[in-house]
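[1] whatever this is, show me its structure:
(one chain, ligands or ions: 1)
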Amino acid sequence: MPMVVYVLNDGSECRVDVPEGATVMRGAIQNNIKGIDAECGGSCSCATCHVYVGESHLEMLPEPDPAESAMLTGVAAERKSNSRLSCQITMVAALDGLVVRIPERQT
Ligand code: FES
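    Presented below is the predicted three-dimensional model:
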């Protein structure tokens with residue numbers, strides 16, 4: 001099962017095994033990762049699952065679709081070149097070791 005490293009606001013890391021086919025957001029919610037609120041439940045309509053993706057895996061992800069791109073324009077924290085919505089990142093074996101940093105604030 002691929003592993004995701006969630007980097008929290010205090011700099012600590014939580015390493016979580018997330019099943020293939022599940023989203024990075026779902027892995028966070030099911031493991032009580034602080035800072036990913038996911039208010040819309042993963043329907044790409046709240047942007048409270050915003051994360052900064054580690055550079056080593058960024059190019060492995062498909063480009064954001066138009067809906068995700070639109071939501072990223074309204075994130076609460078600074079939008080960066082590696083900003084993504086974690087509900088739109090589906091885990092696959094190749095993403096093992098994916099690092100996602102949680103922004104300082106989501107609302
Ligand atoms: S959970 Fe709402 S946009 Fe990702």
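[2] ok, A70 to P64 distance?
    Remark: distance between A70 and P64 (C-beta to C-beta, to the nearest Å) = 9 Å. Where you see a C-beta, it was placed from the backbone N, CA and C, and this is true even at glycine.
[3] and if you look at S56?
    18 Å.
[4] okay, the two: which has more neighbours?
    P64 (17 against 10; other C-beta atoms under 10 Å).
[5] would you mind measuring the gap between the ends of stretch 13-25?
    For stretch 13-25, the first-to-last residue distance is 16 Å (C-alpha to C-alpha, to the nearest Å).
[6] go through it and flag the buried ones.
    For stretch 13-25, a neighbour-count test (16 or more other C-beta atoms under 10 Å) marks 14, 16, 18, 22-25 as buried.
[7] mind checking which of the residues you listed are in strands?
    Those of the buried residues of stretch 13-25 mapping onto strands are 14, 16, per DSSP state E.
[8] checking S69 next. Helix, strand or coil?
    Here S69 is recorded as helix under DSSP: H, G, I helix; E, B strand; the rest coil.
[9] next up, the contacts around the residue nearest the centre of the chain.
    Taking C-alpha atoms, centre = their mean, the centroid of the chain lies closest to S86, which sits 2.7 Å from it. Residues in contact with S86 (C-beta atoms under 8 Å, 6 or more residues apart in numbering) are 23-25, 28, 36, 38, 49-51, 100.
[10] quick check: buried residues in stretch 77-93?
    Neighbour count says stretch 77-93 has 77, 83-91 buried, by 16+ other C-beta under 10 Å.
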